[in-house]
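Quick one, structure for this:
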Amino acid sequence: MSDEQIPVIRDVDQGSARLLPDVDRERAWLLTVDGAPQSYVDLDDPEYLEFEYVRRLAHVLDCAGEPGAALDLLHLGGGALTLPRYAAATRPGSRQDVVEFDGGLVALVAEHLPVAAGAGIEVHVADARGWLAAAPAASADVVVGDVFGGSRVPASLTSVEYAREVARVLRPGGVYAANLADGAPFGFLRGQLANFGAVFGQLALIAEPGVLRGRRFGNAVLLASDGELPVAGLSRACAGDAFPARVEAGDAVARLVRGALPVNDTDAVASPEPPEGAFSLG
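Predicted coordinates for the structure are as follows:
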């Protein structure tokens, strides 16, 4: 990587990618694709997380299993590998598979934001649903879903059949955590909760209060497990963030999902298009 810290612009498989240096942090970079922020990475401090939704996913990793213990992690969606870098730093010895569809993006990140040797992160250029279907049963402690085609979650990752594949790959007590985006009246989000509620015994949702109240379109992290979710620990961690989030579980999630039905592969659609300017820069 050049020491001049100049922007890098390259066409990748899914659009035009830009790596933009952060003038306030010496070796930190923002990755955008077609103007939409995708990842932020500080090469000197992988535990520094700029995006709030990534902080919430990191809280999930922090609360999964014993503190600092190595885990087997499957990341569907890679971007600039922000969360895998964080897990490698906070849970050394973890084995991490990252599935990223955009081979051009993978090459760009490997060239300009390389992962340290021995980090235990293996990147696969593949379709997330296809890779998941071929993954061994009971092989992951946590599965993270953060796949966006442009600014939308692909339809192949929004069905109840997809939820069943996630359950097959997770170990007993394992956790699924997905970054989703929606706004009131939450038709997409309610359907996703219905999908995972049909497969898993425990659900939770992490989002800013303004998003949960339907005041604006935004990110929500969906959690699912066949064991107890660490709701209390997550609530404390999310409340302490610069932009605090609430963790909803139990009756609150049941009220939100009431009346929603699971969506099968034949009827599944991509997540809704964000309103103009919701996530773009400038």
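
Any stretches of the stretch 151-282 of the chain with poor pLDDT?
277-282 (pLDDT under 70).

Which parts of it are strands?
Taking DSSP state E, counting those that start in this stretch as the test, the strands found in the stretch 151-282 of the chain are 170-182, 202-207, 218-225, 246-249.

and those as JSON lines, adding mean neighbour count?
All C-beta atoms are positioned from the backbone trio N, CA, C, and that covers glycine. Output for these, formatted as JSON lines (neighbours: other C-beta atoms under 10 Å):
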{"stretch": "strand 170-182", "mean neighbour count": "21"}
{"stretch": "strand 202-207", "mean neighbour count": "24"}
{"stretch": "strand 218-225", "mean neighbour count": "24"}
{"stretch": "strand 246-249", "mean neighbour count": "20"}
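
Residue 75 is nearest to which of these?
Each of the strands of the stretch 151-282 of the chain has some distance to residue 75 by C-beta to C-beta; the shortest is strand 170-182, at 10.1 Å.

which residues touch the closest one?
53, 57, 60, 64, 72, 138-146, 151, 153, 166-167, 188-189, 192, 196, 200, 217-227, 229, 271-272, 274, 278-279 (C-beta atoms under 8 Å, 6 or more residues apart in numbering).

so how far is that strand from its chain's centroid?
9 Å (C-alpha atoms, centre = their mean, to the nearest Å).

so what strands line up beside it?
Using DSSP bridges, the strands paired with strand 170-182 are strand 140-145 (parallel), strand 218-225 (antiparallel).

Please look at residue 218 and residue 211 and confirm they touch.
Yes. When contacts are counted by C-beta atoms under 8 Å, residue 218 is listed as touching residue 211 (3.9 Å).

anything in contact with each of those two?
residue 183.

I'd like the strands of the stretch 151-282 of the chain as TSV, with distance to residue 46 appended.
TSV is the format used below for the strands of the stretch 151-282 of the chain (distance: least, C-beta to C-beta, whole Å):
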stretch	distance to residue 46
strand 170-182	18
strand 202-207	21
strand 218-225	20
strand 246-249	25
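
mind checking which of these is nearest residue 240?
strand 246-249 (12.2 Å).

Spell out which strands sit alongside the closest one in the sheet and which way each one runs.
Here, using DSSP bridges, strand 246-249 pairs with strand 202-207 (antiparallel).

Pull the residues that contact the strand it pairs with.
With C-beta under 8 Å, 6+ apart, strand 202-207 has contacts from 56, 59, 189, 193, 196-197, 212, 218-229, 231, 234, 238, 245-249, 252-253, 256-257.

likewise stretch 118-138?
So stretch 118-138 is contacted by 74, 76-78, 81, 84-85, 88, 93-103, 106, 110, 115, 145, 147, 154, 156-157, 162, 165-166, 168-172 (C-beta under 8 Å, 6+ apart).

Could you list the alpha-carbon positions for that stretch in CSV?
Output in CSV follows, covering the C-alpha atoms of stretch 118-138 (Å, rounded to 0.1, in the frame of the first residue of the first chain):
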residue,chain,number,x,y,z
GLY,A,118,-1.6,-15.9,10.2
ALA,A,119,-4.8,-14.0,11.0
GLY,A,120,-6.9,-17.2,10.4
ILE,A,121,-9.1,-15.4,7.8
GLU,A,122,-9.8,-17.3,4.5
VAL,A,123,-11.7,-15.4,1.8
HIS,A,124,-13.7,-17.3,-0.8
VAL,A,125,-15.0,-15.7,-4.0
ALA,A,126,-18.4,-17.3,-4.2
ASP,A,127,-22.2,-16.8,-4.0
ALA,A,128,-23.2,-16.8,-0.4
ARG,A,129,-26.2,-19.0,-0.7
GLY,A,130,-24.4,-21.6,-2.8
TRP,A,131,-21.4,-21.6,-0.4
LEU,A,132,-23.7,-22.0,2.6
ALA,A,133,-25.5,-24.9,1.0
ALA,A,134,-22.1,-26.7,0.6
ALA,A,135,-20.7,-25.9,4.0
PRO,A,136,-20.4,-28.7,6.5
ALA,A,137,-23.2,-29.1,9.1
ALA,A,138,-22.6,-27.9,12.6
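
Can you mark which positions in that stretch are buried?
119-121, 123, 125-129, 131-132, 135 (16 or more other C-beta atoms under 10 Å).

ok so, going back, which of the contacts of strand 170-182 are buried?
Buried, going by 16+ other C-beta under 10 Å: 53, 57, 60, 64, 72, 139-146, 151, 153, 166-167, 188-189, 192, 196, 200, 217-226, 229, 271-272, 274, 279, out of the contacts of strand 170-182.

Noted, bye for now.
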